[in-house]
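Peer 1: Predicted model follows, preceded by the sequence.
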Amino acid sequence: EKGGYASFMLKEIADQPKAVADTLLGRVGTSGALHLDEVRIPPHVLREVDKVVVVACGTAFHAGMIAKYAIEHITRLPCETELASEFRYRDPILDARTLVVAISQSGETMDTLMALRHAREQGARVLAVCNTNGSTIPRESDAVLYTHAGPEVAVASTKAFLTQLVACYLVALYLGQVRGTKWGDEIRAVVRQLSEIPRQVEEVLGTMEPVRELARTLADRDTVLFVGRHVGYPVALEGALKLKELAYMHAEGFAAGELKHGPIALIDEGLPVVVIAPSPRGRSVLHDKIVSNIQEIRARGARTVVIAEEGDEAVVPYADHLVRIPAVPTLLQPLVATVPLQVFACELATARGNEVDQPRNLAKSVTVE
Ligand code: M6R
């Protein structure tokens, strides 16, 4: 069943190009128009929506954080992303014009289920993004957009995450389409570029040997930090979560701009810091900022591991280790930038002698609050 791989996790990482392609299949027309007839919330209801709220846990929450960037950028609707376990306890403001997007691989996560029940009681519409056909969360939602990752067996979520991202981009683009958001060239480029992603993820997977080697050299470390900006920030959080759950190491993700507000005090000689560099094309202000962040980190003795787009030369002088990823539009970068972090965590955990498919203290789906 592991298809020749040493673990389900390795197989599921390798399955990602197909999982992404399957999630796109039949949903994007040749003209770039989206066909999401399965989202059974009538267009007039979607046109009335004045706020989007995304709820999820763990890795799905990180997908939700990225969804916020995509939804706000593409639709200009305000969007907030909240941990499902916190959501209903803060008495959130919801009504019939709120669209709640509940993201869950299993469709059985109790925190997410309770959040969506609360949202529906307040009159909000709920759209589930889910990987498990007929599970509780889609059954209790107004509509569902299934991710087609196939069954995910390893406790650590990998291919489900990438397909959740794809589904969230589709939701953002579909909302834009239905609501008549002006389709700029940038958005058209995003639609076109999505179909390239399976090939680009394959490309990343083919270049992972140096990442595995690096991971093995870090097996005896106590701490690894991850930093990013914009959509690279949730990617940093996801990289840290993977390392915690698989390698049982202290790992933290930060927004790079926050470093100087405290976390930079953690950096000392030889501390590994993984930096997700935004594309130098497009919003280059972000890129300039990350270059100075890397300089600051390195000046304090950190060992920098920089994940940067092909052709990004500005980061080279400050990278102790450089991991190249294909050039894609900023919004889509998490689809290619997360892959090396999954491989890194899996290899590091294996080097530490851990069981990667079934980490200690964890269950695949958390059906208690
Ligand atoms: O099934 P769900 O997507 O609702 O699960 C949510 C989290 O429990 C899950 O993503 C968890 O964080 C993973 N173990 C992360 O790898």
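Peer 2: Alright, I've got the coordinates.

Peer 1: Format the CA atom coordinates belonging to the helix or strand harbouring Leu165 as CSV.
Peer 2: Assigned by DSSP states H and E, Leu165 falls within helix 159-179. In CSV, the C-alpha atoms belonging to helix 159-179 read as follows (Å, rounded to 0.1, in the frame of the first residue of the first chain):
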residue,chain,number,x,y,z
LYS,A,159,-1.0,16.3,0.2
ALA,A,160,-4.3,17.4,1.9
PHE,A,161,-2.6,20.8,2.7
LEU,A,162,-1.6,21.4,-0.9
THR,A,163,-5.1,20.5,-2.2
GLN,A,164,-6.7,22.6,0.5
LEU,A,165,-4.7,25.5,-0.9
VAL,A,166,-5.9,24.8,-4.4
ALA,A,167,-9.5,24.6,-3.2
CYS,A,168,-9.1,27.9,-1.4
TYR,A,169,-7.7,29.6,-4.5
LEU,A,170,-10.6,28.2,-6.4
VAL,A,171,-13.1,29.6,-3.8
ALA,A,172,-11.5,33.0,-4.0
LEU,A,173,-11.5,33.0,-7.8
TYR,A,174,-15.1,31.7,-8.0
LEU,A,175,-16.3,34.4,-5.6
GLY,A,176,-14.5,36.9,-7.8
GLN,A,177,-16.2,35.5,-10.9
VAL,A,178,-19.7,35.4,-9.4
ARG,A,179,-19.4,38.8,-7.9
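
Peer 1: downstream neighbour of that helix in the secondary structure list?
Peer 2: helix 185-194.

Peer 1: Output that following helix as CSV, restricted to C-alpha atoms.
Peer 2: Output of helix 185-194 as CSV, limited to C-alpha atoms (Å, rounded to 0.1, in the frame of the first residue of the first chain):
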residue,chain,number,x,y,z
ASP,A,185,-4.0,40.5,-15.7
GLU,A,186,-2.6,39.3,-12.3
ILE,A,187,-5.7,37.3,-11.6
ARG,A,188,-5.8,35.8,-15.1
ALA,A,189,-2.1,34.8,-14.5
VAL,A,190,-3.1,33.1,-11.3
VAL,A,191,-5.7,30.9,-13.1
ARG,A,192,-3.3,30.1,-15.8
GLN,A,193,-0.5,29.3,-13.4
LEU,A,194,-2.5,26.9,-11.3
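
Peer 1: pLDDT averaged over stretch 306-315 - what is it?
Peer 2: For stretch 306-315, mean pLDDT rounds to 96.

Peer 1: quick one: it to chain centroid distance?
Peer 2: 20 Å (Cα atoms, centre = their mean, to the nearest Å).

Peer 1: That stretch: which residues count as buried?
Peer 2: For stretch 306-315, burial by neighbour count (16 or more other Cβ atoms under 10 Å) applies to Val306, Ile307, Ala308, Glu309, Asp312, Val315. (Each C-beta comes from the backbone N, C-alpha and C, glycine too.)

Peer 1: could you dump those residues to TSV with distance to the ligand and secondary structure?
Peer 2: Shown next, in TSV, are those (distance: Cβ to the nearest ligand atom, whole Å; DSSP: H, G, I helix; E, B strand; the rest coil):
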residue	distance to the ligand	secondary structure
Val306	24	strand
Ile307	19	strand
Ala308	25	strand
Glu309	26	strand
Asp312	28	coil
Val315	28	coil
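
Peer 1: Return the closest of the residues you listed with respect to Leu331.
Peer 2: Of all the buried residues of stretch 306-315, the one with the least separation from Leu331 (Cβ to Cβ) is Glu309, at 13.6 Å.

Peer 1: is that closest one in a bridge, and if so with what?
Peer 2: Ile325 (DSSP bridges).

Peer 1: Leu286 versus Leu348, what's the distance?
Peer 2: From Leu348 across to Leu286, the span is 28 Å (Cβ to Cβ, to the nearest Å).

Peer 1: cool, and Val204?
Peer 2: The value you get for Val204 to Leu286, if Cβ to Cβ is used, is 21 Å.
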